[in-house]
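# Would you be able to build a 3D model of this:
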Amino acid sequence: GTSALRSPSSSSAVALALAALTRAPPPPAVTRCVQNDGLPKSEALFEEVRTIVTRRYLERTPACVRAVALLEARGGRVHNDHVALRSFLDTRGNSGLAQLERIFLHFGYKAEADLEIPGMPLNARWYEPPEATSWPKVFISELRLSDLPAEEAQLIDDRVKGYLGFEHTDEALASGSAADIAELMEKPPWRGRVTAEDEAQLRALGKKRPELTSAAEYAAWTLTHGGRWNHLTILLNSLGPDAKLDSLAGLNALLLAEGFALNPAGGSDGFSQGTRELSLEQSSTLADQVDETFACGTTRRVPCAFLELIQRHDGFRGFLGQNARGIFDSTNSR
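Alright, predicted model coming up:
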């Protein structure tokens, strides 16, 4: 299958956003709430991988391209706080999380805490980049197939079978090819097996079993898109005084006034997860849609990636499972 956007951002707009998001030097580690004094490994190679994957994300996420341009025009210093990736834990115990984390550990990331996501059958863990770099934190999750109804678990198991091992990942890392390493995230290896009917069946599960809606939407998204960057995240803390934005609610209001569609997650303004007291506030756009061509030849408009906004307080470096729970729904079909 292949993905295409109907209304892509211009290549010059993508290039400007990419330059802003990968600019050196990074804001101070204390501003970024990053604490990992380990040295980066193969730094130039990961810079190349990051550039490829960030560009692909921007090409399919016009909301992010627009937001970066808007904030840069206000004098803001845009920094990518974190990216998120999704996968599966199959019924044989093969872990997509373990597979994806190998990429980041290889370059000097440090595994941090495991997280529980309330009401979702997920394993999740986050990773801290070496503080000497401008690299984002990483959040990886995987859906436990054994917690799904048998029919849907079997469907996904059949499609991902043989693809959640480490052999292909280790080959790409050993090759030193940025394109091959980027492909580990960009191209679901099971893509040639997934039909539009598979995707529709998984989304339909949420309609039959409302308590499974979030898990079903996660499953459909991940079967379609694999380890693609599900979102990247603009850090309010690093925007600086010129941007004149000192609260997440203020940033949300600015984007709403500019016509952005935000995930109605709740909070005091209707769009925020977390609070100042919890040391973490987050919001997100609704995922941009792409035209996906499935293995059966059918092309369908499906949700892809979104933009998250985050404000960290009191030097809080990590994540909150309850906040993440609401953010996941940004990719739900609508």
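
# need the contact list for residue 86.
Residues near residue 86 by Cβ atoms under 8 Å, 6 or more residues apart in numbering: 96, 140, 141, 142, 143, 218, 221, 222, 225, 227, 230. In short, each C-beta sits where N, CA and C put it, glycine included.

# out of those residues, which are inside strands?
140, 141, 142, 143 (DSSP state E).

# With respect to residue 267, which of those residues is nearest?
In terms of Cβ to Cβ, no member of these lies closer to residue 267 than residue 141, at 22.0 Å.

# Quick check: bridge partners of the closest one?
As for beta bridges, residue 141 partners with residue 86, residue 124 under DSSP bridges.

# ok so, going back, tell me the one among the ones in strands among the contacts of residue 86 nearest to residue 49.
residue 140 (15.6 Å).

# hey, where'd the strands end up in this protein?
2-4, 80-89, 110-115, 122-128, 137-144, 231-235, 273-275, 280-284, 289-293, 299-303, 306-312.

# which strands and helices sit next to the third one?
Right, the one you point to is strand 110-115. With contacts defined as 3 or more Cβ pairs under 8 Å, 6 or more residues apart in numbering; DSSP states H and E, strand 110-115 has these neighbours: strand 122-128.

# now the angle from the strand it packs on to strand 80-89?
Relative orientation of strand 122-128 versus strand 80-89 (axes from the mean of the first three to the mean of the last three Cα atoms, to 10 degrees): 150 degrees.

# what's the average pLDDT for strand 122-128?
Mean per-residue pLDDT for strand 122-128: 98.

# With just CA atoms, put it into CSV.
The C-alpha trace of strand 122-128 is given here as CSV (Å, rounded to 0.1, in the frame of the first residue of the first chain):
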residue,chain,number,x,y,z
LEU,A,122,-1.0,-1.2,25.9
ASN,A,123,2.6,-1.5,27.1
ALA,A,124,4.4,1.8,26.8
ARG,A,125,7.9,3.1,27.6
TRP,A,126,9.7,6.4,27.0
TYR,A,127,13.3,7.2,26.1
GLU,A,128,15.6,10.2,26.9
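
# Give me the contact list for it.
34-36, 82, 89, 95, 97, 101, 104-105, 109-117, 137-144, 218, 317-319, 321, 324.

# sorry, back to before: quick one: closest of the strands of the chain to residue 45.
Residue 45 sits nearest to strand 137-144 of all the strands of the chain, at 16.3 Å, using Cβ to Cβ.

# For the stretch 1-150 of the chain, just list every one of the helices.
Along the stretch 1-150 of the chain, the segments classed as helices by DSSP state H, counting those that start in this stretch run 11-21, 29-32, 43-60, 62-73, 96-106, 150-160.

# Export the ones you listed to a markdown table and append columns for mean neighbour count, mean pLDDT and distance to residue 182.
Putting these into a markdown table (neighbours: other Cβ atoms under 10 Å; pLDDT from 0 to 100; distance: least, Cβ to Cβ, whole Å) gives the following:
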| stretch | mean neighbour count | mean pLDDT | distance to residue 182 |
| --- | --- | --- | --- |
| helix 11-21 | 17 | 96 | 14 |
| helix 29-32 | 17 | 97 | 23 |
| helix 43-60 | 19 | 98 | 4 |
| helix 62-73 | 20 | 97 | 18 |
| helix 96-106 | 20 | 98 | 10 |
| helix 150-160 | 17 | 97 | 20 |
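
# mind putting the ones you listed in CSV, distance to residue 213 included?
Output for the helices of the stretch 1-150 of the chain, formatted as CSV (distance: least, Cβ to Cβ, whole Å):
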stretch, distance to residue 213
helix 11-21, 32
helix 29-32, 34
helix 43-60, 24
helix 62-73, 23
helix 96-106, 21
helix 150-160, 13
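
# Take the contacts of residue 86 and lay them out in CSV including distance to residue 197.
As requested, the contacts of residue 86 are exported to CSV (distance: Cβ to Cβ, whole Å):
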residue, distance to residue 197
96, 23
140, 28
141, 25
142, 24
143, 20
218, 19
221, 16
222, 17
225, 17
227, 23
230, 23
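
# Pick out whichever of those sits closest to residue 73.
Looking across these and measuring by Cβ to Cβ, the closest to residue 73 is residue 230, at 26.6 Å.

# Touching, that closest one and residue 305? I think so.
Yes. Using Cβ atoms under 8 Å as the test, residue 230 is close enough to residue 305 to be in contact (5.9 Å).

# where do the contact lists of these two overlap?
By Cβ under 8 Å, 6+ apart, the residues touching both residue 230 and residue 305 are residue 331.

# and of the helices of the stretch 1-150 of the chain, who's closest to residue 167?
Smallest distance to residue 167 across the helices of the stretch 1-150 of the chain (Cβ to Cβ): 9.9 Å, for helix 96-106.
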